[in-house]
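J.: pasting the sequence and the predicted coordinates here, then a few questions.
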Amino acid sequence: MRKIGTLIAVFAIFSLILATESFAQPGMKWKGSGGWGAGGSYGRMYNPKTVETISGEVVNVYTITPMTGMCYGVQLMVKTDKEVISVHLGPGWYIDNQDTKIEPKDKVEVRGSRITFKRQPVIIAAEVKKGDKILKLRDENGFPVWSGWRQR
């Protein structure tokens, strides 16, 4: 009987160690990010060296899923003096819960990283200004504000 109790205790401790290790694995997707976290394939596309600011009118607001396995996000089509460009804001669950709502015909100023995504120019937005309101989405390095913490 004593051997069985010891065996159960050893098994429980071993299981606890394995469970703890699995949570500490690098590269694990942040639960709840829906693939929009800084360390994911999409998040790593933000390039601080290509940051620019555009101004224009919102032509349309769409939901998108940039990559397989990601949750839906919000995309704007913004018409500037030079082009109509896609602007990716972030995950829908975050954008939908912000006070600043962006709608067609809104005049906006967008600061973000210009990238080529699926062979098209896209701006991954860090900040969107609408009137006197600012929708902050990423820091100067592209780290998403919805992540709420930084990896060290």
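T.: Done, it's in. It should be emphasised that the depicted structure is a prediction, and the values quoted were computed from it without experimental measurement. Numbers count the residues shown, from 1 in each chain.
J.: please pull out the lowest mean pLDDT helix or strand from this structure.
T.: Across the helices and strands of the chain, mean confidence by mean pLDDT, DSSP states H and E is lowest for helix 2-23: a mean of 58.
J.: and the next helix or strand past it?
T.: strand 51-64 (DSSP states H and E).
J.: tell me the gap between that following strand and the middle of its chain.
T.: Distance of strand 51-64 from its chain centroid, counting by Cα atoms, centre = their mean, to the nearest Å, is 16 Å.
J.: same check, this time on stretch 89-100
T.: 10 Å.
J.: where in this protein is pLDDT low?
T.: 1-2, 4-33, 35, 149-152 (pLDDT under 70).
J.: who does M77 bridge with?
T.: Applying DSSP bridges to M77 gives these bridge partners: N60, S86.
J.: which residues touch it?
T.: 58-62, 84-87 (Cβ atoms under 8 Å, 6 or more residues apart in numbering). For the C-beta atoms, the positions are set from N, CA and C on the backbone; glycine is no exception.
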